[in-house]
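Visitor: model this:
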Amino acid sequence: MKHNTFLSSDQKTMSHFICWEPTCEAIGTVQIIHGMAEYIERYHDFARYSNDLGFVVVGHDHLGHGESVLHDQPKHGYFGKGEPVTFVLDDIHQVEEWIGENFPNLPHFMLGHSMGSFALRNYLQLYRSEISGAIFMGTGKNAAMLSLALSLTKGLNLTAPEKQNKWLDHMAFGSFSKQFPEESRFNWLSQNQENVKEYENDSLTGFTFTNNGFYTLFRLVDGANREGWAQNIDQDLPILVISGEQDPVGDFGKGPRKVAKELDEAGIKDVSLVLFAELRHEILLENEKTEVYKAIGAWLQKRLDADIKD
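Guide: Numbers count the residues shown, from 1 in each chain. The predicted structure is shown next:
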């Protein structure tokens with residue numbers, strides 16, 4: 001596992017990223033785009049599993065996450081002044097370019113989880129990348145009240161961008177925990193309550209977004225769900241939609257099904273949908289994570305074989 005940095009698109013922050021390399025000859029690369037209020041090192045176990053299959057795994061901390069903050073004035077949940085959505089997408093592109101330069105001629109896959117899945121859905125509309133496949137994990141439609149949320153946060157981003165907004169956090173996610181019996185407000189993340197406890201006790205997870213953070217998040221959700229979004233994606237790109245069916249972000253399976261249907265209706269030739277009936281949001285950290293790893297690994301290998309034949 002090698003840590004490194006690059007200058008973010010905000011031209012201020014040194015963004016942190018990690019590269020996990022296999023001990024065997026590499027057969028492909030996987031770029032991970034992590035979710036809201038977490039950081040890339042949480043994907044260590046999945047990265048090591050992927051290494052054993054022969055994949056190089058690379059991922060960065062988004063602006064305002066993990067170690068990608070200005071160290072003289074750290075602010076988690078803040079993406080930056082100007083065009084924060086552009087910063088998010090351009091940083092993803094910088095990492096993809098780094099992978100291409102350092103591991104040329106290898107098939108490249110991209111995996112976005114939760115907020116990262118919405119970012120990836122935007123990214124694939126903007127960048128016609130020559131990649132071998134994309135994985136949308138923990139994704140959904142999330143269109144209810146989005147117009148109002150965008151309007152509200154646009155103004156708040158102008159007047160108080162760095163202020164944490166607990167009211168918005170409660171409005172966006174407060175109902176999620178009510179669906180499950182455990183007392184934690186993060187119970188919806190996982191059936192695996194050890195994972196939930198670690199999330200609660202980690203200073204780099206579960207923080208409240210700033211007004212700027214929520215504005216960026218809602219713009220990413222909007223861009224991933226606006227009418228015709230799937231028609232802007234390369235029809236030859238294999239896509240896996242994978243989630244827990246007890247995930248409130250995906251409206252308990254309805255969201256991923258709609259996303260897969262929209263991709264299919266847009267003419268995407270290879271769309272796969274995998275739902276785990278009992279799992280919640282963070283399927284890579286559930287007790288049953290090995291089954292999830294195997295499902296992703298099998299999908300990667302199948303697309304890798306098809307790419308080699310082509």
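Visitor: which parts of the host helix or strand of His170 are buried?
Guide: In the assignment (DSSP states H and E), His170 maps to helix 166-173. For helix 166-173, burial by neighbour count (16 or more other C-beta atoms under 10 Å) applies to Leu168, Asp169, Ala172, Phe173. Glycine gets a C-beta too; all of them are placed from N, C-alpha and C.
Visitor: give me the helices and strands touching it, please.
Guide: The contact analysis (3 or more C-beta pairs under 8 Å, 6 or more residues apart in numbering; DSSP states H and E) places helix 166-173 against helix 146-159, helix 211-225.
Visitor: for the last one, list the C-alpha coordinates in CSV.
Guide: It stands for helix 211-225. Presented in CSV, the C-alpha positions along helix 211-225 are these (Å, rounded to 0.1, in the frame of the first residue of the first chain):
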residue,chain,number,x,y,z
ASN,A,211,-23.5,24.0,3.4
ASN,A,212,-20.9,23.9,0.6
GLY,A,213,-20.7,20.1,1.0
PHE,A,214,-24.5,19.6,0.8
TYR,A,215,-24.7,21.9,-2.2
THR,A,216,-22.0,19.8,-3.9
LEU,A,217,-23.7,16.5,-2.9
PHE,A,218,-27.1,17.6,-4.2
ARG,A,219,-25.7,18.8,-7.5
LEU,A,220,-24.0,15.5,-8.0
VAL,A,221,-27.3,13.7,-7.3
ASP,A,222,-29.1,16.0,-9.7
GLY,A,223,-26.6,15.4,-12.4
ALA,A,224,-26.8,11.6,-11.9
ASN,A,225,-30.6,11.6,-12.1
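Visitor: please work out which of the helices and strands packed on helix 166-173 is packed deepest.
Guide: Counting by mean count of other C-beta atoms under 10 Å, helix 211-225 has the highest mean neighbour count of those, with a mean of 25.
Visitor: rounded mean pLDDT for that one, please.
Guide: Across helix 211-225, pLDDT averages out at 96.
Visitor: now do the closest residue in space to Leu89 that isn't next to it in sequence, the pLDDT please.
Guide: Closest residue to Leu89 apart from its sequence neighbours, by C-beta to C-beta, 6 or more residues apart in numbering: Tyr123 at 5.3 Å. Here the pLDDT value assigned to Tyr123 is 97.
Visitor: name the helix or strand for Tyr123, please.
Guide: Residue-wise, Tyr123 maps onto helix 115-126 under DSSP H and E.
Visitor: for Phe252, give me its contacts.
Guide: Phe252 makes contact with Glu245, Gln246 under the criterion C-beta atoms under 8 Å, 6 or more residues apart in numbering.
Visitor: distance of the residue most central in space within the chain from Lys163?
Guide: Of all residues in the chain, the one closest to the mean position by C-alpha atoms, centre = their mean is Gly116, 2.0 Å from it. For Gly116, the distance to Lys163 equals 24 Å [C-beta to C-beta, to the nearest Å].
Visitor: in this structure the residue nearest to the centre of the chain contacts Gln31, no?
Guide: No - contact criterion C-beta atoms under 8 Å: Gly116 and Gln31 do not qualify, at 10.1 Å.
Visitor: scan this structure for its longest helix.
Guide: Identified as the longest helix of the chain according to DSSP state H is helix 289-309.
Visitor: packing partners of it?
Guide: Short answer (3+ C-beta pairs under 8 Å, 6+ apart): helix 289-309 packs on strand 28-33, helix 44-53, strand 108-113, strand 133-137, strand 239-244, strand 271-276.
Visitor: and the first one, which strands flank it?
Guide: What that stands for is strand 28-33. strand 55-60 (parallel), strand 108-113 (parallel) (DSSP bridges).
Visitor: for those strands, give me a markdown table that also has mean neighbour count, mean pLDDT and distance to Leu284.
Guide: Formatted as a markdown table, those follow (neighbours: other C-beta atoms under 10 Å; pLDDT from 0 to 100; distance: least, C-beta to C-beta, whole Å):
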| stretch | mean neighbour count | mean pLDDT | distance to Leu284 |
| --- | --- | --- | --- |
| strand 55-60 | 26 | 98 | 12 |
| strand 108-113 | 26 | 98 | 7 |
